[in-house]
Structure formats: structure tokens, C-alpha cells
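Asks: build me a model from this:
(2 chains)
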Amino acid sequence: MDPANEPVVDMLNQIADILEITGSDRFRPIAYRRAARTVEALPKPVSEYVSDGTVSQLSGVGEAIAAKITEFVKNGRLEYLENLRRGIPPGLLELLKLQDVGPKTVGKLFAELKITSIDELQKACIEHRIRGLKGFGEKTEEKILQSIAFYRSSSARYLLSDADAISEKLVSYLKPFSSKIEVAGSLRRRKETVGDIDIIVSAADPAKVMDAFTGFGETDVVLSKGETKSSVKLKSGMQVDLRVVDESSYGAALLYFTGSKDHNVILRTLSIDRGFKLNEYGLYRRKNDSVEAGRTEEEIYSALGMDFIPPELREARGEIDAATNHRLPVLVEPDDIRGDIHCHTDWSDGSNSLEDMVSAAERIGYSFIGISDHSRSVRVANGLSEERMVSQIERIERLNKSGRFRTRVLCGSEVDILPDGHLDYSDRLLSRMDYVIASIHSKFNMEEKEMTDRILTAFSNDYLTVFGHPTAREIGKREQIAFSKEKVFSAAAEKSVLLEINGSPERLDLNDSLIIEASKYGCSFIASTDSHHTSSLSNMRYAVSMARRGWLEKGKVANTLDLSHFLGAIGARR
DNA sequence: GCCGTTTTCGGCCCGACTGTTTTCAGTCG
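Replies: Next comes the predicted model:
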């Protein structure tokens, strides 16, 4: 989603929530949600549609909603929504965040028991006041208490790498019971964080898979168990859903449960337009319900007149139009990567020796590896003094001459961008390196203007090759630093500074949406791992995942070039 | 509240699972 549209999407969804809680016409909330989805899928800020007067032409947006969007965009607030909010206690909207508690339940709890907050709801459950309501019973009470506990305890989203580890374990555990098995959901789309894991299975004996699944050793609670669908919560807190489907529906199920939801909604609508009906069992002709496709995703996309859409692109960011017009990008692949130039050794804060890192790179089959230890100011990371840096340069030169490794060792550094924007080494020293990654590791809280100036000053140093982990965020721990995307990205494009796609699982920086934004300015990128250990060189797959989610083709990722062209590309600034 | 070469009125994506029902409503994805 275009970040500018997020407040508008929230506004529309909130109207829908409140209308559902207060329970008026049951189709009005649906209309608001549909409009929200449309805005979410827009390729540019909705304010542009407001200024050229085309908002009401968007699908699902009529006169009334167009007027509300217009008012909201112009004033930053909407009288209608504020009145709605005044009509209900503020705590009701938080209740919606509880699992298995939706607008109808919230409305009823408020109408009958005057419950307006999670605390009050918990108390009512403990005092068994819920079971007295029509349609509610003992089990519902227990379930709500569990949801409250889960809501309060869990961080709710997991790092992509953590989800990978769990899902790989589960898939290999279930494989003996399955004829086909694959991970779906946001994990398959390679989102930077994952809320739960979805697994799709075909099997000769479905009951056996279900039993195996719910009996998995790391299961904490079985949330539900049916013939085709079961859910468990693992001891780690992660929820896993398993779906067992017939082989003839495998592709349809995989497509459906891979999502995103927005992608599916567009596909379904489009299917209807073309005389089909699409669900998790297949693509059917509307006329006579005959099956058109379902065994594979490829045949479904093809029946709809589209090219196959890689899961990483299925975010309703224009991929369906692109697939229809045969203009999808040919996404960069893990095998396209020729080397990794963001690696640390035990010269600074890495765990392995320089030779171990090179040897590991050679085993992967890289034609080059770049060593980029920390610069002198990063004392906690044992940053290299200028003298030690010089001796590392000489060591690498000797290593290359020795012919010990087929993989060429490039000599660089991850140089700090100091608070005033200068780099942490003299130009004279920088000039002796093959490349320079410049990163921010201090003073993260600068105001946007000051931070922007800091970065632009750094960019004015002609030895700078790569802007390392540009936003400096750490998922769930540290916010992005503030800088003008427009100024920094356009400067990077103009000065041929490569933007890093850092594949370290807690960084993923730049992430997909910023890659898309930077691409608009014509930036080029480099995928790297920021490895501090030989084992983390495999994190390149996360960098590639972000690049793919960012619509990048091979040509926009510098380290897909072979050694000589890569050297040409990183030497271009000098 | 939106939308229409089958409709300007009467539908809105749709199926699984659960819990509380005795035929269904609510939630989720």
C-alpha cells in the first residue's frame, strides 16, 4: 500500500467496525470495507484522485464515500467518523483485536452487559456472566479468556527467519503423511514478519495427517480440529493452520491460502467478470459449475488470461494488471547472486577469521566476497584503527596473490557516518579500498532535516559505494531513522550510491515498500547479509526475498554481476 | 453505501469450524 493511503484505509475500516458494532444496516459496513480495499490497492496517493476529481470513479466508491474521503484528505479529519466515535465508548474498538471476538460479539456484550474494555470483559468471564447471554456458553467464556491472555502475552508477529525455522521442521515432520505439502500464507509471500503459519497438504489418508499434526511435539493447544482444517498454537506462541485438500484442488487451495487477501479479492472479482467463480477448490464456469482449473496455480492464472504471479508480488500492488498485460518483472533469483560484500570477521565483531569467511563463500560458489569490518569509532564492535585497517588491506592483497581461494576477496569497510555526516576514515585510507559501505550506528534520534543533511554530506564523499542498512531499523526493537526519502533516494540515484538490501533477519533494510519507493527515483541496489558468522552468509535468501517483494529484476541488483562487471560498477564513482 | 448488457431494486466473496443450537450465527482467512 502507498503509505500515504494508510490513514484513509484505517478511517474507512473504522467506520465499518463501528457500524457493525452498533448494528445498523448490515451491508453498509461491507461497502466501507470494499472501498477501503480499493484505496489500499491504489498505485498512488488517493489525494491525487481527489485533486483531479476521479475519486468517485474508483470501484466501490460512490458519492457518499467519495465525499468522506475528500473531507478527510483535505482536513485530516472526518466529522462523520468523529460523531460515530462519540457514540460508543472508546474501549470497544480494542475489544475487536481479541481473537474470535468480532463486531457482533462486541455489540452484544455492550448492549447487554455494558462491557466496554478488555478488563471488564475478563471480569465478566470470570464471574460467569457471559454464559447467561443467548448464544453464549461455557466454552465461549473460556475461549475469550484465552484470547485475552494471548493478546496480552504475545508480540503477535514473528521474524521471517523464526517462522522459516518452525515451518521447515513441521513440513519435514508431516512429509511422510503427505503426497504434496507446501507452506502458504504470508510466509510464502516472504513478508518481513509473519503472524501465523499456513500449511497446505494433499494426502491419501487425510485423518492421519490431521492426527500427526495435532500430535506434533511442540504443540501447546489444539485450537480446532476438523476433517479438512485444523489449527494449533505451538509452545513458542506461534499459531499454525493446516489444510488438507484433494490433489485436484491443490493449486486452488495454495493460491487461496497464500493470499494476500487483497490479491484474492481482486482475483475473485476478476473471475466473476470473466464468467468464472474462484474459491479454494478451483476455478469453475459460472454457467454449469464445471471445473476449469484447480490442480496447479499456473493453470488457474493461465485460465484467467494471466502470467504466473510469484507469491512475493501478491500484495495488490498492480501485479494483476501486470500479469494480464504480460509485463511482470523477471524477479531476481537466489542463484543470480555472485557475491556478498557486507561481512565481518574477528578483526572487529565477527566470530570467524577472514580466511574462514572466504572459505565459506567459496563453498557457496561465490566469485567474490567483500570484507567490511567496522571502522574506528564503533568501539563496542572493536572497530579497526587506521593502522589495523591498513594491515587488513595488505593481508587481503597477499591472500588474493597466494591463489589459495578461487573466490576473489574484495577489501572494504563498513565505515560509520559520523553525526556531522563525515566518514570515519580519511579519504587517503578510503582510496585504498575496493569499496566503502557507509552506515549509521549512532545518534539515531536526529530530526528529519538534520539526519537528511547528515546522509547527504556522507553521499558527497566520492569513495562511498553503498549506503548500508539505510533506515537503521531493527524489527520490533528500533524505529527507522527519520530522513527525507525524496532527497536521499534522488541523491543516491544521481550519485550512483547503491542502496543496501540488508538480509539480516532483524533488519531487512531496505524493506520491500522502500525498495519500491527508491526504484521510482531510479536507484540501484545491492543484496547483502551483514554476516558476523560463516553460517549467516545463508541469510542472503532474506535479502533476495525483500528484493523480489520490491519488484526488482536482476539488472537492478549490483551483486548479480560477474566479478569484472561488478568491479566496474562499484568503481564507477571514482 | 454501491452497483448493474440478465437487475435502477435487491443483491453484496465464500467456505470451514465452533459453539450453541435443533437450523444457525459469528468469526476467520
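Asks: what's the closest non-adjacent residue to the residue of the stretch 101-250 of chain A found nearest DNA strand B?
Replies: Going by C-beta to the nearest atom of the strand, DNA strand B is nearest to residue A:137 of the stretch 101-250 of chain A, at 2.0 Å. (Glycine included, C-beta is placed from N, CA and C.) Excluding the flanking residues, the one nearest residue A:137 by C-beta to C-beta, 6 or more residues apart in numbering is residue A:131, at 5.4 Å.
Asks: OK, contacts around residue A:92?
Replies: Residue A:92 sits next to A:21, A:106, A:110, A:116 when contact means C-beta atoms under 8 Å, 6 or more residues apart in numbering.
Asks: and stretch A:169-178, what's buried?
Replies: Buried residues in stretch A:169-178, defined by neighbour count with 16 or more other C-beta atoms under 10 Å: A:170, A:171, A:174, A:177, A:178.
Asks: wait, residue A:400 sits on residue A:409?
Replies: Yes: using C-beta atoms under 8 Å, residue A:400 is in contact with residue A:409, at 5.5 Å.
Asks: you'd agree residue A:60 is in a strand?
Replies: No: under DSSP: H, G, I helix; E, B strand; the rest coil, residue A:60 sits outside any strand and is assigned coil.
Asks: point out where chain A drops to low pLDDT.
Replies: Scanning chain A for pLDDT under 70 picks out A:1-3, A:43, A:153-156, A:476-477, A:572-574.
Asks: residue numbers of the stretch 151-300 of chain A in contact with DNA strand B?
Replies: A:185, A:196, A:198, A:224-230, A:241, A:257, A:259, A:261, A:264-265, A:268-269, A:277, A:279-281 (C-beta under 7 Å from any atom of the strand).
Asks: excluding covalently adjacent residues, which one is nearest to the single nearest residue of the stretch 451-574 of chain A relative to DNA strand B?
Replies: Nearest residue of the stretch 451-574 of chain A to DNA strand B: residue A:549, at 18.9 Å (C-beta to the nearest atom of the strand). Distance criterion C-beta to C-beta, 6+ apart; nearest residue to residue A:549, sequence neighbours excluded, is residue A:512 at 3.6 Å.
Asks: which parts of the stretch 251-400 of chain A are helices?
Replies: Remark: helices assigned in the stretch 251-400 of chain A by DSSP state H, counting those that start in this stretch are A:261-273, A:297-303, A:319-324, A:354-364, A:386-402.
Asks: how about the ones you listed in CSV, adding mean neighbour count?
Replies: What follows is these, written out as CSV (neighbours: other C-beta atoms under 10 Å):
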stretch, mean neighbour count
helix A:261-273, 17
helix A:297-303, 18
helix A:319-324, 18
helix A:354-364, 19
helix A:386-402, 14
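Asks: who are the neighbours in contact with the closest residue to DNA strand B within the stretch 251-400 of chain A?
Replies: For the stretch 251-400 of chain A, the nearest residue to DNA strand B under the criterion C-beta to the nearest atom of the strand is residue A:279, separated by 4.5 Å. Residue A:279 is in contact with A:252, A:256, counting by C-beta under 8 Å, 6+ apart.
Asks: residue A:190 too?
Replies: A:160, A:311, A:312, A:545, A:546, A:548, A:549 are the contacts of residue A:190 under C-beta under 8 Å, 6+ apart.
Asks: try it again at 10 Å.
Replies: Listed by C-beta atoms under 10 Å, 6 or more residues apart in numbering, the contact set of residue A:190 reads A:160, A:164, A:310-312, A:508, A:512, A:541-542, A:544-546, A:548-549.
Asks: for it, which non-adjacent residue is closest in space?
Replies: Per C-beta to C-beta, 6+ apart, closest to residue A:190 is residue A:545, 3.8 Å.
Asks: surely that neighbour meets residue A:186?
Replies: No: contact criterion C-beta atoms under 10 Å: residue A:545 and residue A:186 do not qualify, at 11.6 Å.
Asks: shared neighbours, those two?
Replies: Common neighbours of residue A:545 and residue A:186 (C-beta under 10 Å, 6+ apart) are A:160, A:192.
Asks: SS state for the residue nearest to residue A:137?
Replies: helix.
Asks: measure it to residue A:168 for me?
Replies: Here residue A:131 is placed at a distance of 42 Å from residue A:168 (C-beta to C-beta, to the nearest Å).
Asks: before we move on, what about residue A:273?
Replies: 39 Å.
Asks: now swap in residue A:5 and tell me
Replies: For residue A:5 relative to residue A:168 (C-beta to C-beta), the value is 35 Å.
Asks: of the two, who's got more company?
Replies: Remark: of residue A:5 and residue A:168, residue A:5 carries more neighbours, 19 against 11, as counted by other C-beta atoms under 10 Å.
Asks: ok, the more buried one - contacts?
Replies: Each residue near residue A:5 by C-beta under 10 Å, 6+ apart is listed here: A:36, A:39, A:40, A:41, A:42, A:44, A:45, A:46, A:47, A:73.
Asks: quick one: which of these is most hemmed in?
Replies: residue A:39 leads those on contacts (other C-beta under 10 Å) with 26 neighbours.
Asks: for it, give me phi and psi.
Replies: Phi and psi for residue A:39, reported as degrees, to the nearest 10, are phi -60, psi -40.
Asks: for stretch A:444-462, which positions count as buried?
Replies: Those buried within stretch A:444-462 under the rule 16+ other C-beta under 10 Å are A:446, A:451, A:452, A:453, A:454, A:455, A:456, A:458, A:459, A:461.
Asks: secondary structure and distance to residue A:364 added to the residues you listed, as TSV?
Replies: Shown next, in TSV, are those (DSSP: H, G, I helix; E, B strand; the rest coil; distance: C-beta to C-beta, whole Å):
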residue	secondary structure	distance to residue A:364
A:446	coil	38
A:451	helix	36
A:452	helix	37
A:453	helix	39
A:454	helix	35
A:455	helix	32
A:456	helix	36
A:458	helix	31
A:459	helix	31
A:461	coil	31
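Asks: roughly how far apart are the residue nearest to residue A:190 and residue A:489?
Replies: Counting by C-beta to C-beta, the gap from residue A:545 to residue A:489 is 21 Å.
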